[in-house]
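K.L.:
predicted model and sequence below, questions to follow.
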Number of protein chains: 2
Amino acid sequence: MLKISHRGNIMPSSPIRKLVPFAEAAKKKGITVYHLNIGQPDIETPKAALDAVKNSDFKILEYSHSAGNESYRRKLVQYYKKAGIDVDYSQIIITTGGSEAILFGFMSCLDPGDEVIIPEPFYANYNGFAVAAGVVVKPITSYIETGFALPPLEEFEKAITPKTKAIVICNPNNPTGYLYSKEEMEVLKGIIKKHGLYLFSDEAYREFCYGGEHFSAMNLKGADDNVVLMDTISKRYSACGGRIGSLITRNKSIYDTAMKFAQARLSPPSFAQILGEAAVDLPDDYFSATKAEYLKRRDLLVSRLNKMPGVFCPNPGGAFYAIARLPIDDADKFAQWLLESFSYNNQTVMLAPATGFYGTEGLGKNEVRLAYVLNSGSLHAAMDCLEKALEIYPYNTASRSLK
Amino acid sequence: MLKISHRGNIMPSSPIRKLVPFAEAAKKKGITVYHLNIGQPDIETPKAALDAVKNSDFKILEYSHSAGNESYRRKLVQYYKKAGIDVDYSQIIITTGGSEAILFGFMSCLDPGDEVIIPEPFYANYNGFAVAAGVVVKPITSYIETGFALPPLEEFEKAITPKTKAIVICNPNNPTGYLYSKEEMEVLKGIIKKHGLYLFSDEAYREFCYGGEHFSAMNLKGADDNVVLMDTISKRYSACGGRIGSLITRNKSIYDTAMKFAQARLSPPSFAQILGEAAVDLPDDYFSATKAEYLKRRDLLVSRLNKMPGVFCPNPGGAFYAIARLPIDDADKFAQWLLESFSYNNQTVMLAPATGFYGTEGLGKNEVRLAYVLNSGSLHAAMDCLEKALEIYPYNTASRSLK
């Protein structure tokens, strides 16, 4: 009689976290594990922002406004202005991480059975929020050969059905690191305007663009009613544990609806709102410094990868992820093998198999995502491990073909 | 073409927060508003718990484990042991407030169209989470004449259909303050065992019981697979803004399913986990002191209310809420009138109309919920306001019948 819900049964496990027990076992054996598998930066949270929390002097940790503290929302207007995005504080809802912004966006705009198109590979947790909302994800494939550029217009047109209600884009992209150009964003605008679709734009990595300029979906002219921005301070200020994000839209109906979901959960976390508000006042060179650090790491990672026999890694234009094609048959097996059966100088590396980021069964089997969230020394050590591992991995497809 | 979701349309607005603009307008006129409308205590958050956050010395605000920090979960085992509840840390998921525990519980156990029985009046936000999960709430009425005791067994039996999957109980109750007895909990056990239902038990106010002993649903023998505890530190430690709660169950399938939802949102807030962990080490007399304070306030509130002509307020056995029947025709109108058209010594009081807590249309129209979250001085002043207001309120039904 007692049954788990169908939704609970089809809810996907985190494709990244399922390797965790193998990593824990490796560590228990005394092996150092370099975590390139998750987007947890080793960059320190800005001291001034942490200090704002420590120096707060309230006596009661009260509920905040359901939309977040008004002072914080007003402050965020300044942040967005600097980022070239013009919003009013009344268009901002502070959420519990970017995660809740995704959930509120889906809940407010989509009904069970509705379809949402997402270029794959994509951030795996979109699947989780889609299941929670009863929404069907329709992936369209982007390819490593093009560096994971936006799939052509025709692919979107082919995927659109009467049930299609929205497109989700992550720019710059997690997991590919691809930075969508203004032209690609304009293509998306054409599609959402033509078909009357919502565009959910996840811009968690806005500051981390190398080479190109970031073009926000909020700046697509004439698409104000279509666009919902899903944002977070997690990566921007290395403040993942704060659980503070935002949902921003100029569509008042969506805003008012999302506010009803926001009221039901009362308020976003108070402590990290203080941190987020203080972070807006960080000196302008804060992002230049972190961006320079990530750029250095990207160059190191991509260069090391492409020197390994049979490995191909396109140069990502943003975020702090890269997807590499490895000379292996099965990335899940390989990632597990790295933790279970391999070490080099008592060290190994943890990777995220790309299969978890594809919606289409069978894709990404020889690809892995690498998060360059570690300092150069650790990154080099991790690349040494990967290089050695590929040399001795029994199922290296390149070496087999060489034989 | 762009439409808000059906779920977004039927999502209820917060019945408490819709009066906020009238309160803001009153304040702008210089009127002091006593907030008896929300469960935001004026009790200070324990300094030792706040200091634990301020004295933390991490450099990176990292994601925690999706189930919450292991150290915190292990610490909570001690807290629950003191509360007479025997759980293992592996049965605890730290959630973002009690709100998220409710959401995860509903998502994991219930599918769209499933029915959940809740004695009314009930915590209004259960409606919101039910809408988010597509679940149908079937209220069964408890009555002010019995002090809002558990409706009789027959009422549950009448309400159960093949779609019924769960019962939600809040003990001690928000909004009624009713403390369910061990006998009533055993009646519930009989029902859930007979019909194979889940029992979601919201025990946010466990510490605040006056007179009777709290009996946790976790201590219903033989019902381990049925019971899901939804808990929060918000009221316990006056830490509403921390957004830390927990979902606890001995049913491993539910636990594992809820963990998938927990992984999708990555982690609960890190700062307030530190606060929650430190709070477990507060001296044993911490709760005696806060409980004594709330008891004093309850006695003051209930005694003042029952002295007012035409007012009836049963003596609540727990939490910090009371529901009173007033000699009025429409509590929503009256609550608005108090803010818009009334003041006494330049003060007024904000109440929560009980209509928002009933699932059955038309019930609670002459009832209000009062949260005794203010100190005795403010409570007296608020009661003075209410007393005067009822004297001059043009739609006082008692004075009309006297005429």
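P.N.:
Noted; the coordinates are in hand.
K.L.:
going forward, measure contacts and count neighbours with C-alpha atoms only.
P.N.:
Will do.
K.L.:
how much space between the residue nearest in space to the middle of chain A and A:A124?
P.N.:
Centroid check for chain A by C-alpha atoms, centre = their mean gives A:N174 as the closest residue, at 4.1 Å. According to C-alpha to C-alpha, to the nearest Å, A:N174 stands 9 Å off from A:A124.
K.L.:
burial count for the residue of the stretch 201-350 of chain A found nearest chain B?
P.N.:
Residue of the stretch 201-350 of chain A nearest chain B, by C-alpha to the nearest C-alpha: A:G241 (4.2 Å). For A:G241, the count of nearby residues is 23 (other C-alpha atoms under 10 Å in any protein chain shown).
K.L.:
and chain A, what are its domains?
P.N.:
Following automatic domain parsing, chain A resolves into domains at A:6-44+A:285-402, A:47-279.
K.L.:
let me have those in JSON lines, extended by mean pLDDT.
P.N.:
Formatted as JSON lines, these follow (pLDDT from 0 to 100):
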{"stretch": "domain A:6-44+A:285-402", "mean pLDDT": "94"}
{"stretch": "domain A:47-279", "mean pLDDT": "97"}
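K.L.:
which among those domains is found nearest to B:A132?
P.N.:
Distance to B:A132, taken as C-alpha to C-alpha, is lowest for domain A:47-279 among the domains of chain A, at 7.0 Å.
K.L.:
quick one, longest helix in chain A?
P.N.:
When chain A is parsed with DSSP state H, its longest helix is helix A:285-307.
K.L.:
and it, what does it pack against?
P.N.:
helix A:376-392 (3 or more C-alpha pairs under 8 Å, 6 or more residues apart in numbering or on different chains; DSSP states H and E).
K.L.:
what does the helix it packs on rub up against?
P.N.:
Helix A:376-392 is contacted from outside by A:34, A:296-297, A:300-301, A:304-305, A:308, A:327, A:338, A:342-344, A:347-349, A:372, A:396, using C-alpha atoms under 8 Å, 6 or more residues apart in numbering or on different chains.
K.L.:
buried set for it?
P.N.:
For helix A:376-392, a neighbour-count test (16 or more other C-alpha atoms under 10 Å in any protein chain shown) marks A:376, A:378-390 as buried.
K.L.:
got it, and stretch A:75-82?
P.N.:
In stretch A:75-82, counting by 16+ other C-alpha under 10 Å, buried: A:75-79.
K.L.:
that older thread, how close does the residue nearest to the centre of chain A get to chain B?
P.N.:
As defined by C-alpha to the nearest C-alpha, to the nearest Å, A:N174 lies at a distance of 15 Å from chain B.
K.L.:
who are the neighbours in contact with that residue?
P.N.:
A:122-123, A:319, A:321 are the contacts of A:N174 under C-alpha under 8 Å, 6+ apart.
K.L.:
where does it sit: helix, strand or coil?
P.N.:
With DSSP: H, G, I helix; E, B strand; the rest coil as the basis, A:N174 sits in coil.
K.L.:
sorry, back to before: just the buried subset of the contacts of helix A:376-392, please.
P.N.:
A:34, A:297, A:300-301, A:304-305, A:308, A:327, A:338, A:342-344, A:347-349, A:372, A:396.
K.L.:
just the helices from the stretch 201-350 of chain A, written as ranges.
P.N.:
A:252-264, A:270-279, A:285-307, A:331-340 (DSSP state H, counting those that start in this stretch).
K.L.:
could you export those helices as JSON lines, including distance to B:D224?
P.N.:
Below are the helices of the stretch 201-350 of chain A laid out as JSON lines (distance: least, C-alpha to C-alpha, whole Å):
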{"stretch": "helix A:252-264", "distance to B:D224": "28"}
{"stretch": "helix A:270-279", "distance to B:D224": "34"}
{"stretch": "helix A:285-307", "distance to B:D224": "49"}
{"stretch": "helix A:331-340", "distance to B:D224": "35"}
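K.L.:
most packed of these?
P.N.:
helix A:270-279 (a mean of 24; mean count of other C-alpha atoms under 10 Å in any protein chain shown).
K.L.:
so which elements touch it?
P.N.:
Secondary-structure packing of helix A:270-279 (3+ C-alpha pairs under 8 Å, 6+ apart): helix A:47-54, helix A:70-82, helix B:270-279.
K.L.:
how far off centre is it?
P.N.:
Its chain's average C-alpha position is 21 Å from that of helix A:270-279, according to C-alpha atoms, centre = their mean, to the nearest Å.
K.L.:
how about the CA coordinates for it, as CSV?
P.N.:
Provided in CSV are the C-alpha atoms of helix A:270-279 (Å, rounded to 0.1, in the frame of the first residue of the first chain):
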residue,chain,number,x,y,z
SER,A,270,19.0,35.6,5.8
PHE,A,271,22.7,35.2,6.5
ALA,A,272,23.8,34.8,2.9
GLN,A,273,21.6,37.7,1.8
ILE,A,274,23.9,39.9,3.9
LEU,A,275,26.9,38.4,2.2
GLY,A,276,25.4,38.9,-1.3
GLU,A,277,24.5,42.5,-0.5
ALA,A,278,28.0,43.2,0.7
ALA,A,279,29.5,41.5,-2.3
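K.L.:
tilt between that helix and helix B:47-54?
P.N.:
40 degrees (axes from the mean of the first three to the mean of the last three C-alpha atoms, to 10 degrees).
K.L.:
list of residues touching stretch A:114-125?
P.N.:
Contact with stretch A:114-125 is made by A:14-15, A:134-142, A:150-151, A:156, A:159-160, A:163-170, A:173-176, A:354, A:356-359, B:264-265, as judged by C-alpha under 8 Å, 6+ apart.
K.L.:
quick check: end-to-end length of that stretch?
P.N.:
For stretch A:114-125, the first and last residues are 18 Å from each other (C-alpha to C-alpha).
K.L.:
kindly report the same for stretch A:196-206.
P.N.:
End-to-end distance for stretch A:196-206: 26 Å, by C-alpha to C-alpha.
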